[in-house]
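Q: predicted coordinates and the sequence they were generated for:
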Amino acid sequence: MNTKVDSITTENIRKKDTESVRLCPVCNYLGKFEPFGVERPRQNVRCPGCGSIERARLYYLYLLSTNYFSEESCRVLHAVPEQCIRYKINRVSNIEYHSHGLEEIEKTEYENNSVDVIIANHVLDRVRDDLTVLKEFNRVLSKDGIALLSVYMKRDIESDLGVMPRRYGKDYIERVEKCGFDVEVISAEDLCGTTISYIYGIEPKEVIVVGRKKNGI
């Protein structure tokens, strides 16, 4: 991925203080990040400039690595949007942007194969019926489109679907695949390397789950 860290180099940041200085790829804030969380706050993860946290910055970086922002036209369905990402995407002139709440994504009014990018970041664990939502996403996704379907997932356990929010385990990927998707799991390390991940305030092993229609149909 050709991610430009603006004019600020890794060495510049090292000279300042590698233990605390971070760069936000969403709003270009440079400095210390804030703690985030309730019971056990994670330190140095929330950007005070735009409010982004690790997972939002990661999928924004992934979107920047694609061609969707530069296509002649692009329709985006954003479920329960993070405001920092909503603001950035909604300002791109070629994008037809639509945001939706939890209750609106089980059945939409989009035609088949009409949405180019679906963003549902840490959403499926909170909807009433995740399989219904996944099938709806697959129905409306274009043949060349992508669906960002990340959830909190522990790969050493089986999913516990009897609680809310759901607790997904190693079988989550198979669950998505059964709804018509080919799935790719991409880590921050894969996307931009260990050092740059650290600078962006993202754990290098943090992953995003990207779905595409099986056989492009």
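A: Now that the structure is in, tell me what you want to look at. Quick caveat: nothing in here was measured; it's all calculated off a predicted structure. Numbering: from 1, shown residues only.

Q: in three-state terms, label the spatially most central residue of the chain for me.
A: Taking C-alpha atoms, centre = their mean, the centroid of the chain lies closest to Tyr59, which sits 3.4 Å from it. State at Tyr59, reduced to three classes by DSSP: H, G, I helix; E, B strand; the rest coil: helix.

Q: and it, how far from Glu136?
A: Applying C-beta to C-beta, to the nearest Å, the value for Tyr59 to Glu136 is 20 Å. In this view, the C-beta of every residue, glycine as well, is placed from N, C-alpha and C.

Q: same check, this time on Ile89
A: Separation of Ile89 from Glu136 (C-beta to C-beta) stands at 21 Å.

Q: for Ser73, see how far away Ser93 is.
A: Distance from Ser93 to Ser73, counting by C-beta to C-beta: 10 Å.

Q: out of the two, which sits in the more crowded spot?
A: In this view Ser93 and Ser73 are compared by other C-beta atoms under 10 Å, and Ser73 has more residues nearby, 9 against 6.

Q: now the more buried one: closest residue in space, sequence neighbours ignored.
A: Distances taken as C-beta to C-beta, 6 or more residues apart in numbering put Asn94 closest to Ser73, at 5.5 Å, once the chain neighbours are dropped.

Q: count of neighbours near Cys27?
A: Cys27 has 17 neighbouring residues, counting by other C-beta under 10 Å.

Q: check Met164 too.
A: Using other C-beta under 10 Å, Met164 is surrounded by 10 other residues.

Q: need the three-state assignment for the nearest residue to Cys179 once chain neighbours are set aside.
A: Spatial nearest neighbour of Cys179, excluding adjacent residues (C-beta to C-beta, 6+ apart): Leu134 at 3.8 Å. On the three-state scheme (three-state DSSP), Leu134 is labelled helix.

Q: my guess is Leu134 contacts Glu174. True?
A: No - look at Leu134 against Glu174 with C-beta atoms under 8 Å: they stay out of range, at 11.9 Å.

Q: wait, Val151 sits on Arg167?
A: No - the criterion here is C-beta under 8 Å, and Val151 misses it with Arg167 at 9.4 Å.

Q: which of those two has more neighbours?
A: With neighbours defined as other C-beta under 10 Å, Val151 and Arg167 compare such that Val151 has more, 22 against 18.

Q: wasn't the more buried one part of a strand?
A: No - assigned with three-state DSSP, Val151 falls outside any strand and is coil.

Q: need the contact list for it.
A: 122-125, 166, 168, 172, 209 (C-beta atoms under 8 Å, 6 or more residues apart in numbering).

Q: looking at these, which are in strands?
A: Of the contacts of Val151, the ones assigned to strands by DSSP state E are Val209.

Q: which of the contacts of Val151 sit farthest apart?
A: Pairwise distances across the contacts of Val151 peak at 14.3 Å for Arg166 and Val209 (criterion: C-beta to C-beta).

Q: pLDDT weak spots in this structure?
A: Counting by pLDDT under 70, the chain has low-confidence residues at 1-19, 216-217.

Q: try 80
A: Low-confidence segments of the chain, defined by pLDDT under 80: 1-20, 39, 155-157, 215-217.
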